[in-house]
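Undergrad: Structure for this input, please:
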Amino acid sequence: MEVTGLYGLNPVIHADYPDPDVVRVGDTYYMSSTSMHMFPGCQILRSYDLMHWEHCAYVYDALGETARQRMDGSGTTPEGKPVPRHIYGKGMWASSLKHDGRLFHIVFTSNDTGHSYHFTAEDAAGPWTRQPMTGFWYDPGLLFDDDGRVYIAHGNRHVRVTELTADLSEKKTGGIESTVVIDDNPRLGWEGSHMLHLGEWYYVFCIHWAPEEMRAMGCFRARTPAGPWEGGKFMELDLDDRHAGVAQGGPVQLHDGSWALFLFQDHGAVGRIPVVVPFRWADGWPVVDEVPKQLDLPSSRPDYEYAPLYATGQLTRIPTSPLWQWNHEPHPALVDTTHGLRITTDRLATNCTEAINTLTQRCFGPRCTAEVTVDASDLGIGDYAGLCALQGCFAQLAVSRRADGLYLVYT
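TA: Have a look, this model is predicted:
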């Protein structure tokens, strides 16, 4: 494979692509990322140099398992507390993306259902097919070993390695089960597992976040998946003096044989943005010298033109672009595209975070702008139509009809 060096800057994507996992198949890198309450979900991006990315696919259109995923939650918990209508902060979390030589596999958990999900595809662009899977494998890190056995690193505070059946459907009876590390600190402890077999060592890469400290990367190794495991933190580094550690992700071998960690850094309301950190091996351990602002990485297609990760144009049909997602699963009966896009609602909402059928795109840092044209002629009294920066502390600009006419309202 002929490769050419290209330059890029960290962060490689200045937008919210949290908990990334990257796999290289042939000359192409593929990345999966957390999508939580956004549908379609589990977006796959594609790159040829690890620095520039474009949309490849979504793994699923909808999980369709709970009313809360449609923002229709109701009732109370067994403790008598009201059930939230939504899945903000829950939904699909950190995934593990792997290729077994024949199929792509992706495993993740949904933290509103308490289930794990396994999808496969012959091509990363899809279609993806859901496969049976039992158990709850928190922050999973898959490993398809050279001898055909399958392992998964998982857990929060107590990180384990568990052997699965060949089809990943369940824990293998009589299979290996080992403890990698235990830490019950009151923040996050160890989590975000990624697993690798290289030479004579098995590795589990994790994140650690202790009180009064930045996020840190850890690495543990063992001669076999059964342990014993040894290791600890090896990287506590910042980028752009944000006092937010670059961490959580896994290793990937580049086209030229060198290695890098594909991680993220918290950037406030912009989200968790991907950062590439080159590293080297020394005495069987990963060694990071710095988090570089400028990157010089090999590319298998240096002249390739990437499609942008944002979209524009008239919203006359759905989907107008794969870069649009819904905030929660949509209610299709209330979406009409006969004469342009017409979105209606069947309920009162306290604010825009409760509004169903909201179309979204990611915001990009350090600054970005958005513009929308709306037809407000059919708005009822008290209705709003416009745009918002969708956060817990949101900003909204909308046309609203009052008894004496239309108003432009900023919230």
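Undergrad: residue contacts, E354?
TA: Applying C-beta atoms under 8 Å, 6 or more residues apart in numbering to E354 gives the contacts 71, 85-86. In short, each C-beta sits where N, CA and C put it, glycine included.
Undergrad: Count the residues that sit near S32.
TA: Neighbour count of S32, defined by other C-beta atoms under 10 Å: 29.
Undergrad: Okay, and the beta partners of it?
TA: D21, I44 (DSSP bridges).
Undergrad: unless I'm mixing things up, it is touching H99, no?
TA: No: in this structure S32 lies outside contact range of H99 using C-beta atoms under 8 Å: 11.9 Å.
Undergrad: hang on, the earlier thing: filter the contacts of E354 down to the ones in strands?
TA: Secondary structure from DSSP state E places none of the contacts of E354 in strands.
Undergrad: Next, the nearest residue to L341 once chain neighbours are set aside: phi, psi?
TA: Leaving out its chain neighbours, the residue that sits closest to L341 by C-beta to C-beta, 6 or more residues apart in numbering is L315, at 4.1 Å. Torsion angles at L315 (phi, psi; degrees, to the nearest 10) stand at phi -90, psi 80.
Undergrad: how near is L315 to V180?
TA: 47 Å (C-beta to C-beta, to the nearest Å).
Undergrad: So the two - more neighbours on which side?
TA: V180 (27 against 20).
Undergrad: Of the contacts of E354, which is the nearest to G227?
TA: Nearest to G227 among those: H86, at 40.5 Å, using C-beta to C-beta.
Undergrad: number of nearby residues for that closest one?
TA: As a burial measure, H86 scores 21 neighbours (other C-beta under 10 Å).
Undergrad: Contact partners for it?
TA: Contacts of H86 (C-beta under 8 Å, 6+ apart): 37, 68, 71, 73, 328, 353-354.
Undergrad: try H105
TA: 96-99, 118-120, 142, 144, 168.
Undergrad: next one: V291
TA: 10, 237-239, 246, 275, 277.
Undergrad: which of the residues you listed are buried?
TA: 10, 237, 239, 246, 275, 277 (16 or more other C-beta atoms under 10 Å).
Undergrad: Quick check: the first one vs L263, distance?
TA: So the one you mean is N10. From N10 to L263 the distance is 10 Å (C-beta to C-beta).
Undergrad: list residues touching both of these two?
TA: 275-276.
Undergrad: Okay, buried residues for the strand or helix carrying V180 please.
TA: In the assignment (DSSP states H and E), V180 maps to strand 177-182. Taking 16+ other C-beta under 10 Å as the neighbour-count basis, strand 177-182 is seen to contain the buried residues 178, 180-181.
Undergrad: want to throw those into a markdown table with pLDDT?
TA: Below are these laid out as a markdown table (pLDDT from 0 to 100):
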| residue | pLDDT |
| --- | --- |
| S178 | 98 |
| V180 | 98 |
| V181 | 97 |
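Undergrad: Could you save those as CSV and add columns showing distance to V159?
TA: Shown next, in CSV, are the buried residues of strand 177-182 (distance: C-beta to C-beta, whole Å):
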residue, distance to V159
S178, 10
V180, 4
V181, 5
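Undergrad: hang on, the earlier thing: make CSV out of the contacts of E354 and add distance to M195 and pLDDT.
TA: Converted to CSV, the contacts of E354 look like this (distance: C-beta to C-beta, whole Å; pLDDT from 0 to 100):
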residue, distance to M195, pLDDT
M71, 35, 95
R85, 37, 92
H86, 33, 94
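Undergrad: Looking at these, which is nearest Y407?
TA: M71 (26.4 Å).
Undergrad: So for that closest one, what's the nearest residue that isn't a sequence neighbour?
TA: H328 (4.4 Å).
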